[in-house]
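>>> I need the structure of the sequence given here:
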Amino acid sequence: MAKKWDINLVRNIGISAHIDSGKTTLSERILFYGGKIHAIHEVKGKDGVGATMDFMDLEREKGITIQSACTQVTWKDFTINLIDTPGHVDFTIEVERSLRVLDGAILVLCGVAGVQSQSITVDRQMKRYGVPRLAFVNKLDRQGANPFRVKDALVEKLRLNAVMYQIPIGLEDQHKGVVDLVSMKAFVNEGESGEKVTEIPIPDDLRKQADQYRQILIEKLADVDETIGDKFLMGEAPSEAEIRAATRKAVIALKLVPVFCGSAFKNKGVQLLLDAVGAYLPTPSEKKEFALDLDKNEEKIDLHPDPKLPMVALAFKLQDTPFGQLTFMRVYQGRLCKGEFIVNTTNQKSVKIPRVVRMHADKMEDQEAAEAGDIVAMFGIDCASGDTFVHEGTNVAMQSMHVPDAVISLAVSPKDKTAANNFSKALQKFRKEDPTFRVHRDEESGETIISGMGELHLDIYIERMKREFACECVVGQPQVAYRETIGQEAPYDYQHKKQTGGSGQYAKVIGKIVPLGADSPEPFQFENEVVGGRIPKEFIPAVEEGFHEQCQKGPLIGFPIVGVKVVLTDGAYHDVDSSYMAFKICAMAAMREVYPKAKPTVLEPIMKLETTVPEEYQGPATGQINQRRGVIQNTTSIEGNAVVEAHVPLSEMFGYSTDLRSATKGKGEFSMEFSHYSPAPRNIQDELAKKYQEKRAAEQK
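Residues are numbered from 1 along each chain as shown. Purely as a prediction, here's the structure:
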């Protein structure tokens with residue numbers, strides 16, 4: 001008998017962590033205690049290593065899809081949707097979507113290493129999307145584990161208001177269980193897989209420490225909650241229920257991060273963490289969600305998980321299965337029923353829902369309907385990740401359709417001609433998964449070009465082609481996406497006249513081109529100021545089309561021209577010889593003629609670079625950035641590490657990772673994302689123009 005749906009008992013959570021903090025091991029235990037798998041299998045290799053690649057081997061052994069975007073477990077009365085959050089989140093849109101569908105998260109930290117670089121990245125993203133979280137200090141059975149030090153690092157490095165909600169009973173090989181500071185009870189895990197949680201009296205040697213940490217907990221709560229604050233000032237002790245209510249409020253308001261302890265590998269502390277998920281993380285109705293109204297210029301509208309309102313759902317992850325594409329959907333509003341028609345607002349196509357399933361580890365359970373706040377999967381729906389689905393009559397999107405422009409391109413081809421089929425399959429799949437990954441064919445050279453958000457972004461896809469599609473690639477030189485623009489206003493006056501036997505071609509256009517500036521939101525604008533019918537109305541679009549088309553490939557270095565406004569003021573036509581085509585050709589020729597007079601310049605993509613190195617290597621790291629024409633914006637130091645923020649041209653960044661590693665003995669790391677376009681220095685512009693002219697000359701021979 002299926003449980004009645006109660007949105008207050010639903011939690012959509014993700015587990016994120018630095019690689020090797022035991023994320024996989026913890027997910028495994030949660031599935032086990034939630035009754036989804038019947039035996040615990042270790043991740044092969046040393047002490048519960050949690051890397052993405054292990055998921056694959058794990059799946060083969062046990063046939064459970066931990067890797068599926070969402071597994072549902074039931075814990076006591078709660079229904080917990082566990083969402084797989086991607087590990088390496090460099091510059092893809094993928095992690096944004098996973099965070100978008102989370103209502104809360106567990107940040108897993110290693111009890112020995114504490115806050116590591118990737119913990120910082122994950123935390124930064126959670127803050128950007130306002131995701132409430134609990135912290136779990138794992139691996140307390142390891143030598144050198146110290147949860148108190150990890151809690152301090154959360155405060156210092158991540159500036160989180162982290163508070164101990166448990167203290168460990170024993171550490172390293174003596175780690176037995178935890179003392180819960182809210183109920184002031186001690187718990188140990190017993191049974192072969194730690195499935196029995198037994199309450200024991202608080203050990204005498206921990207009594208004083210427990211009282212001390214409970215006092216800190218109440219003081220911290222008093223800072224963020226009025227009820228507790230008043231009691232604290234009166235010197236009264238708050239009740240357990242009051243502490244829980246205040247904690248829940250503070251966690252959802254992002255004012256507090258409770259810290260829990262344990263060792264997933266040794267089956268300690270996981271059940272109490274699941275209790276905390278139910279007690280402190282928000283329900284789908286407590287996290288504010290909004291959509292963008294496409295009929296009203298992407299105006300924000302609030303969504304409410306009410307089954308009676310119009311349906312809105314987001315496809316946030318695609319997965320290939322032997323039965324076809326599985327699309328994971330989060331329903332934000334309304335109900336989604338099998339057999340209904342729904343509209344994809346990205347392409348306005350209507351599709352019928354053939355099958356709604358709930359993922360239960362390796363089994364799928366067919367559903368008749370999905371309620372608001374739930375996460376389900378569907379077969380037989382062809383869409384891309386990030387598409388919004390609605391019922392007829394609603395036109396909203398869950399995220400802005402703006403996808404940033406690619407800044408780097410590579411020519412790729414399969415090494416082995418027999419793999420051509422796999423090669424095209426892989427490219428199709430990646431395009432659907434990630435809108436920032438683009439593929440096109442270069443007409444002139446006949447090569448397949450892939451474009452993306454950075455060197456690493458494309459490297460990952462080339463590696464995936466090799467692993468997932470057994471297709472090795474030959475990769476050409478990276479190509480930076482330059483742009484061209486104009487520096488000053490210039491007038492044009494061009495007449496196009498062609499007379500052969502029969503009707504000829506005639507058109508004349510007069511006007512000017514005006515620079516809009518490199519950072520103009522619109523790359524191209526057209527203004528028609530023709531009066532008195534000097535050019536008939538039906539030919540005006542032809543003029544605009546001609547100019548626009550000519551801007552797709554600038555004559556200076558062969559890249560698109562942006563930041564240009566074309567003003568058409570006058571012209572002439574011929575009753576017989578003028579046509580749409582004649583005006584289009586005339587406009588294209590006018591643009592070619594006037595462009596050199598408007599001070600053409602090359603714009604290059606500038607990247608926002610953040611490099612983290614141990615302080616003793618700060619000098620060499622800064623020197624490297626300066627050598628690459630970088631402009632340093634800011635330098636901060638965090639716990640013996642220097643973080644250098646800079647703006648650097650993308651064209652100078654190739655091979656940076658190798659140089660950085662060798663200059664810092666492998667200890668430096670960096671992340672890079674596109675910032676803006678800026679004019680390239682004269683010498684670089686001349687060099688690019690010269691190369692382009694040589695290439696053109698060679699092609700014409």
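
>>> using CSV, write out every CA atom in the longest helix along the chain.
Longest helix in the chain, counting residues (DSSP state H): helix 204-224. Listed next in CSV are the C-alpha coordinates belonging to helix 204-224 (Å, rounded to 0.1, in the frame of the first residue of the first chain):
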residue,chain,number,x,y,z
ASP,A,204,31.4,10.2,33.1
ASP,A,205,34.5,11.5,31.5
LEU,A,206,32.5,13.3,28.8
ARG,A,207,29.8,14.8,31.1
LYS,A,208,31.7,18.1,31.7
GLN,A,209,32.6,18.5,28.0
ALA,A,210,29.0,17.7,26.9
ASP,A,211,27.6,20.4,29.3
GLN,A,212,30.2,22.9,28.1
TYR,A,213,29.3,22.3,24.4
ARG,A,214,25.5,22.3,25.1
GLN,A,215,26.0,25.8,26.7
ILE,A,216,27.8,27.0,23.5
LEU,A,217,25.0,25.6,21.4
ILE,A,218,22.3,27.5,23.4
GLU,A,219,24.4,30.7,23.3
LYS,A,220,24.7,30.4,19.5
LEU,A,221,21.0,29.8,19.1
ALA,A,222,20.3,32.7,21.4
ASP,A,223,22.1,35.0,18.9
VAL,A,224,19.8,33.9,16.0
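
>>> quick one: it to chain centroid distance?
38 Å (CA atoms, centre = their mean, to the nearest Å).

>>> for stretch 530-549, measure first residue to last.
Chord length of stretch 530-549, first to last residue, is 21 Å (CA to CA, to the nearest Å).

>>> how far off centre is it?
Offset of stretch 530-549 from its chain centre (CA atoms, centre = their mean): 42 Å.

>>> contact partners of it?
With contact meaning CB atoms under 8 Å, 6 or more residues apart in numbering, stretch 530-549 is reached by 507, 509, 524, 526, 528, 566, 568-573, 578, 580-581, 583-588, 590-591. All C-beta spots, glycine's among them, are computed from the backbone N, C-alpha and C.

>>> ok, back up a step: what residues sit buried inside the longest helix of the chain?
Within helix 204-224, the residues that qualify as buried are Leu206, Ala210, Tyr213, Arg214, Leu217, Ile218, Lys220, Leu221, Ala222, Val224, counting by 16 or more other CB atoms under 10 Å.

>>> now do the strands in the stretch 151-300 of the chain.
Counting by DSSP state E, counting those that start in this stretch, the segments of the stretch 151-300 of the chain that form strands are 162-164, 166-169, 177-180, 185-190, 196-200, 257-261, 289-293, 299-303.

>>> also the stretch 551-700 of the chain?
Under DSSP E, counting those that start in this stretch, the stretch 551-700 of the chain gives strands at 564-572, 600-614, 631-638, 641-649, 669-679.

>>> quick revisit: right, and the strands of the stretch 151-300 of the chain - which one's nearest Leu650?
Of all these, strand 289-293 sits nearest to Leu650, with 29.9 Å by CB to CB.

>>> give the closest residue to Leu256 in space, chain neighbours not counted.
Among residues not flanking Leu256 along the chain, Ala250 sits closest, at 3.8 Å (CB to CB, 6 or more residues apart in numbering).
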